[in-house]
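What would the 3D arrangement of this be:
(chains A and B)
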There are 2 protein chains.
Amino acid sequence: MDSVPSSDDLRSAKLLKHAQSWVSNEPLALENGAHLEEVSVCFETWGALNRESDNAVLICHAVSGDSHVTRHDEGDDPGWWELLVGPGRPVDTERYFVICANVLGGCRGTTGPNFDAPGTGRPYGADFPVVTVADMVEVQKRLIEHLGIQRLRAVVGGSLGGLQTLTWATQHPDRLDSAVVVAAAPRLSSQGIAFDIVGRNAIRQDPNFAEGQYYRGPAPEGGLALARMLAHITYLSDESMRIKFDPTRLQPRMIDTDFESMFSVGTYLAHQGDRFVERFDANSYITLSTAMDLFDLGDTGEEIRESLAPTTCRWLFLSFSSDWLYPPSASRQLSDALVAQSKPVSTCEITSAAGHDSFLLREGLDLGGPMIASFLESASVPDRPTIAHDERRVEEPTSIFYADRLDYEMILRLLPPGTSVLDLGCGDGELLSILRARGHRALLGIEHDHSEVAKGIARGLDVIHADLDKGLTAVPDQSFDVALLSQTLQSIIDVAGVLDEIVRIGRRGVVSFPNFAHEPLREMFMREGRLPKEDGLYAYDWHDTPNRRFPSILDFQELCRGRGIRIEEAIYVDSRSGKEIEKDPNLHADIAVVAITR
Amino acid sequence: MDSVPSSDDLRSAKLLKHAQSWVSNEPLALENGAHLEEVSVCFETWGALNRESDNAVLICHAVSGDSHVTRHDEGDDPGWWELLVGPGRPVDTERYFVICANVLGGCRGTTGPNFDAPGTGRPYGADFPVVTVADMVEVQKRLIEHLGIQRLRAVVGGSLGGLQTLTWATQHPDRLDSAVVVAAAPRLSSQGIAFDIVGRNAIRQDPNFAEGQYYRGPAPEGGLALARMLAHITYLSDESMRIKFDPTRLQPRMIDTDFESMFSVGTYLAHQGDRFVERFDANSYITLSTAMDLFDLGDTGEEIRESLAPTTCRWLFLSFSSDWLYPPSASRQLSDALVAQSKPVSTCEITSAAGHDSFLLREGLDLGGPMIASFLESASVPDRPTIAHDERRVEEPTSIFYADRLDYEMILRLLPPGTSVLDLGCGDGELLSILRARGHRALLGIEHDHSEVAKGIARGLDVIHADLDKGLTAVPDQSFDVALLSQTLQSIIDVAGVLDEIVRIGRRGVVSFPNFAHEPLREMFMREGRLPKEDGLYAYDWHDTPNRRFPSILDFQELCRGRGIRIEEAIYVDSRSGKEIEKDPNLHADIAVVAITR
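Numbering: from 1, shown residues only, chains lettered A, B, ... in the order given. Coordinates of the predicted model:
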C-alpha cells in the first residue's frame, strides 16, 4: 500500500490506479440525521460476474485500507489482502466476482472529508458528518445494485471490515448467502475505544489541524502519526513485539524522523507514523475510527441476540489468540448469539502470536485461508453437501474406519433417520460427515482442538470451536433432536454438568463411552494391584493417561438416576467379538452406547 | 495527591507541606556520564528511628508519585499509599521509621529539570541529563546515610518504586535486610516502552514544549495530558475499564475540557489528563519515564541471575493477575532467578481485576498488605523464627492434626534433623512450620493457591506461588537436602516429570501418597464394578474427584524403576490401625511414604 497515492492525491481525492468511480445521485440520509446530496464511490473488481449473477463476493476493508485488495495484473501494486484474494487463492478471483469499495468517509476516492462540501468551495474537513458502519454499508449496497447484483455469495471482512460484514447481515439479510467475519466483535472494548480517543485527541491537538481545514496548508502530520503509532501497538501483540524488538532494544533503526530515536521500537513506530501520513488523511482517520467506536450490536447476550435475529446467512467467524483489540472472547459473543438462535455458524480461534494484524498475515491466514475457501464453496449449496473423499469409506464396510470406531454403528442405530444432531467433541467431523451423507440435516459440531475444527469446516460442516467443560449455555433448550457425546465422557472434568446440558439441548442424548469395569480390567486390578489397562481408550499408563474419568456402566447408570436422567435405550458391546451383551454388561461389555433423556 | 502543589509551585520546585529538604554537596556522577554539582533532596519521614537504627523502612515512589506516602496527622492531605503505610498499617509507622524521598529528576522538590541549571540562570528543562534508576538510588543512599542509617530494615516499592527496590538490592546489597518488590519486572516489555515513547513524543510535539524551555511561558499541557491519558489506560485493565465504562459508554461526564467528549471513557481520561498537568512537570515526566524504560536487569534467565547475584536480602514479590504493564510472568522471571541461586524469596500473584494500579488499591492490598506486614516482621530475624500460634499443636500429640495427617509423622522420620527442605504443594505451610520449630533451616514452599500462599507467608515462611505442573526448572540441582511431595502426587498431571524434578532438586526426595490398590478398593471394584472409593483422598465420586491420577504402590515402584529412580526407604501404613505394614503393602497399606534418589 505504501506505493499508492501521495498526500496531494489524498487531498484532491485522486483515484487509485485500476479503480473505477461511480456516483450515486440519490441523497443519502445518514444514521446521525445528516444528509449527503450525492456520494462518489471508488471501487475495484476482479474476475467476472456469472450469468446467474450469483458469484459475487464483497470484500470490506479495515480503517487504513482501501479498494485495492489484490493485484489486477503482474505489474500492479500489491494489494492489502493478497494472501486471501486472487487467482487460485481462498477467495478465488477465477471463480468469484470480487468487489471492494473504499468506504464512505475514507480518503481513497469515495466521498469523505477531503471532498468539497457542496456550496462552500472548500473541503468538508471536520464538518464532514459523523458516519456509521451502517452508512458505509448503505453506500456499498447501492454500488452492488448498480453492478446488477441482487444477492452476494458472500461478504468478507476483517476488523472494521468485519463490522461492515456484520452490518450487511443485520441490515440487509436478503442480500447475502454467507458472511465471513474476521477479528471482529459486537462492539469494541472500552479499552480499545480509549486508545482511539487518545489518537483522535492527538490529531485535533496538532496546531496544523486548524479545526480540520488544513487542506490548503500543512497537514496535521505530527498528530496523525502519533495516532497511527498508538494504533499500531494495538494491532501487534505483546509477544510479537517482544520477538521483534527485544533483541535490539537499544539499537534504533537509522531513519530520518523528528520522533524519539532512543529505542528500536521507537524508530519502528516513528517509521510507521511517518509513512502513514503520506497516504492517509487525518479527517478520514477521525471519521473512520469514530465509526468503529460507535459500532454496537449490544453489550449483553440478549442485546446481541436481538441485533442478530434478522440475519439469515451462514456464518464463519475467525479470531486470533493474541488479538487483544478484537479478542476471541468477543468473537465468541457473536457466535454464541447465533447458536442461541439455531443459525448456521462455524467458528475458529486460530493460534497466532501476531495479534490483531494476524488477519492480514500468514500467521492467521495459513489456517484461516483454507477455512474461508471451503466455507465459501459449501455456503452456496447448503442442500447439496459436497462429498469429501473420505466419506466414500462409508460405502466400504471392511474399512479401518469401522474397526476403529465400532461405536459409530451403534450410535447410528440410536439416531432416528433425518434427525438434527449436535456432536459434542466432533473431532475432524468424521461422524457428522457420515450423518450428512445419510441425509441428516441441521448438523453442528463442537470441538476444542483448532486444527480439528479446521478439518471439520473444510468438510463443509458447521463447527464451533469451544471447550465442552466451559459450558454449552449458548445452545438453546431442546434445539436438536439429538445431542451426541461420542467417546469423550472419559476426558471431561464436569461430567454431571455436561450430561445435564446434553439432555437440556437434545430431545435425546446419545452417549458412548468405554466401560472401565470390563472384566479384564477388574481382574487385572484385583490380581496385580495396578491401575488396569486395556487396548483402546484405557491403553494408557496410570501416570500419563489423558483420561480424567474412569466411567463404568454401573457408575454411569447411577449418576443418571441421581440426576433424574432416564436411560431410554442402551447398546452394550464386547468389541473383540463384536457381539452385543445382554447379561451383566458392566462385566462383559467394553463399549456402552446409551440414549438418555430428561 | 490532587490537593498538593499548583503548577507554579512545580516550576519553582516549591516544597510539599511536611517535607524536609537536604542538599548533598558532593558532586554526583550519573550513569550516563554527566555530572550534577549538588543535589537537593525533598523527603518526608514518619515514626522514629530506634536506638539501634535498625527499624528504618524506605518507601520508593512510582512515576507520578512523590514523598507524601501517607498523612502526618489528621489534618494532613492523604498520601498515595495510605492503605499500606501508617499507624497500625502493614508498614506500621508506630514500629518502623519510614522514609520516602522524591526521586532524582522528579518535580516535587528533589533536583530535576525544573531546577536552575548552574551558571545559566534558567531551569535545566530538556537539558537535564538522562537519569537512571541507579542514579535515583544513589541519591537515596546519601540521604539514608545523612539520616544516620547504615542498614535499612526494608526497601519497599511498586512499579518504578519496585525498580528502585531491585536496584538497592543489586547495587547496595549490604544496606538492606529485605526487599518488597510490587508490580515490577527485570525490564519493561517492548509493548510498555512503545506506549511510553508515544507519550513522550506527544509531549515533545506540543508547540508549547519549546525544546523543554517552557518555564516562562505556557507549559506543554496538551502533550503532557495526552501522555498521561495513554499511560492511564495501561495502569487499568481491560476488565476494570469494562466494569467502569461499559454501562455508560455514550454518556460522557460533564466536564470542562478541550478533549473529545463523545464517550464516557474519553471524558474520564480527559479529566485524568487535565488534572495531571496541574501537578506534574512535562520534563520530569520525560525524565522518569525514560529511566523506567532504560531499567534493565537482563532479558534471558542467565542475564537476570547475573544481575541479582550480588544480592543478599530476603525478598517478597507481589504481582497482580490483571497487570499487563508489569505482569506476573515478569515478576516470576525475577523470583526464578533468585530461587536459582538459593536466595530466600517469597512470591504471590494476587488475583485482581484492577490492573497495574492494584498496587495502590484495596484490590491488591487487602491480600498484599498482610503479607508485607508479616514479611517485614519475620525478615529481620531470620534465625529466630516467630512461632505462629498453631505451631503449638506440635507439642500436643493428641491433636486433630496428627489424626488428619498421619503421613506427617512418617515424613518426619524420613527427614534427617536440620536438613533443608523444599515442600512441593506446601498448602498453608503447616508442615514447614513444624519443620522450622524442629530446627530445620533453609525451608521453601511451593504452592499454587494464592490464599494458601498468603497464609504461608504470614507464618514467616518463604513460599513461591507456582504450579508444580508448569515446571520447577528454576530450582537448581541438588539444592535442597530433601524435596518433599506430600499427598499431592494424585493431583499432578505430569507425574514422571515431577518425580524427575524431585530427585534432581533434592539429594533425597520424599513422596507420600494414598495407595489406590489398597485391598478394600480392589475388592470394591472387583465386586461392585464401580470406580472404588475409600475414606480420605479417594473419598470422591468417579465423576467429580479432584484426583488426576490413581497411584498404587506397585505402579509407583515400577515407574521409579523405569526412570532410574532408586527407592531408598519406604514406610507403608494402614491408617485405620495406625500400624506399619511389612508384608504385601500394595494390598494392605493405604498410605505410602517413600524416600527416593537418583
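
Span of stretch A:314-326 from start to end?
21 Å (CA to CA, to the nearest Å).

From residue A:290, how far out is residue A:234?
16 Å (CB to CB, to the nearest Å). Every residue, glycine included, has its C-beta placed from N, CA and C.

now swap in residue A:50 and tell me
Counting by CB to CB, the gap from residue A:50 to residue A:290 is 38 Å.

Compare neighbour counts for those two and give me the winner.
More neighbours surround residue A:290 than the other of residue A:50 and residue A:290, with 21 against 13 (other CB atoms under 10 Å in any protein chain shown).

wait, the more buried one sits on residue B:262?
Yes: if you go by CB atoms under 8 Å, residue A:290 and residue B:262 touch, sitting 7.4 Å apart.

Next, give phi and psi for the closest residue to residue A:488 other than its chain neighbours.
Distances taken as CB to CB, 6 or more residues apart in numbering or on different chains place residue A:425 nearest to residue A:488, at 3.7 Å, with adjacent residues excluded. Note on residue A:425: backbone dihedrals following degrees, to the nearest 10 are phi 80, psi 60.

try residue A:469
According to degrees, to the nearest 10, residue A:469 has phi -70, psi -20.

give me every residue that touches it.
For residue A:469, the contacting residues are A:492-494, A:497-498, by CB atoms under 8 Å, 6 or more residues apart in numbering or on different chains.

what about stretch A:67-79, distance to the chain center?
On the basis of CA atoms, centre = their mean, to the nearest Å, stretch A:67-79 sits 25 Å off its chain's mean C-alpha point.

Can you give me the buried ones in it?
For stretch A:67-79, the neighbour count (16 or more other CB atoms under 10 Å in any protein chain shown) marks A:67-72, A:79 as buried.

any idea of the mean pLDDT for that stretch?
Stretch A:67-79 shows a mean pLDDT of 95.

Tell me the confidence at the residue of the stretch 251-400 of chain A at minimum distance from chain B?
When distances are taken as CB to the nearest CB, the stretch 251-400 of chain A reaches nearest to chain B at residue A:266, 4.3 Å away. With respect to pLDDT, residue A:266 scores 98.

try the one 3 residues further on
Predicted confidence (pLDDT) for residue A:269: 98.

Ok, residue A:9 next?
If you check residue A:9, the pLDDT there is 55.

next one: residue A:379
63.

now do residue A:469
81.

measure it to residue B:325 for me?
31 Å.

same thing with residue A:50?
In terms of CB to CB, residue A:50 sits 54 Å off from residue B:325.

For chain A, give me the ranges with low pLDDT.
Segments of chain A classed as low confidence (criterion: pLDDT under 70) are A:1-15, A:379-405.

The longest helix along it packs against which elements?
The residue-count maximum for a helix in chain A (DSSP state H) belongs to helix A:362-379. The contact analysis (3 or more CB pairs under 8 Å, 6 or more residues apart in numbering or on different chains; DSSP states H and E) places helix A:362-379 against strand A:91-92, strand A:152-158, strand A:176-182, strand A:314-320, strand A:345-350, helix A:450-458.

can I get the ones you listed in CSV with distance to chain B?
Formatted as CSV, these follow (distance: least, CB to the nearest CB, whole Å):
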stretch, distance to chain B
strand A:91-92, 32
strand A:152-158, 21
strand A:176-182, 21
strand A:314-320, 15
strand A:345-350, 17
helix A:450-458, 21
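
Quick one: closest of these to residue A:487.
With CB to CB as the criterion, residue A:487 lies closest to helix A:450-458 of the helices and strands packed on helix A:362-379, at 14.0 Å.

So which bits of that closest one are buried?
Here helix A:450-458 shows A:452-458 as buried, counting by 16+ other CB under 10 Å.

cool, stretch A:521-535 as well?
Across stretch A:521-535, burial judged by 16+ other CB under 10 Å covers A:521-522, A:524-526, A:528-533.

wait, isn't residue A:136 in contact with residue A:294?
No: the criterion here is CB under 8 Å, and residue A:136 misses it with residue A:294 at 11.6 Å.

More neighbours: which of the two?
A side-by-side neighbour count of residue A:136 and residue A:294, using other CB under 10 Å, places residue A:136 first with 26 against 22.

and the more buried one, that one's in a strand?
No: counting by DSSP: H, G, I helix; E, B strand; the rest coil, residue A:136 is not found in a strand; it is helix.

Tell me how far it lies from residue A:39.
10 Å.

same check, this time on residue A:242
44 Å.

ditto for residue A:172
Counting by CB to CB, the gap from residue A:172 to residue A:39 is 17 Å.

can you check residue A:536 too?
From residue A:536 to residue A:39 the distance is 65 Å (CB to CB).

These two: which is more packed in?
Each of residue A:536 and residue A:39 has its neighbours counted (other CB under 10 Å); residue A:39 has more, 22 against 14.

Let me see the contact set for the more buried one.
A:23-24, A:28, A:104, A:110-111, A:139, A:142.

Out of those, flag the one nearest to chain B.
residue A:104 (19.0 Å).

Show me what stretch A:577-587 is in contact with.
Residues outside stretch A:577-587 that contact it (CB under 8 Å, 6+ apart): A:406, A:515, A:517-519, A:522, A:552-554, A:570-574, A:588-589, A:592, B:529.

And it, what's buried?
Buried residues in stretch A:577-587 (16+ other CB under 10 Å): A:581, A:585-587.

got it, and stretch A:28-48?
Neighbour-count burial for stretch A:28-48 flags A:28, A:30, A:36, A:39-47 (criterion: 16+ other CB under 10 Å).
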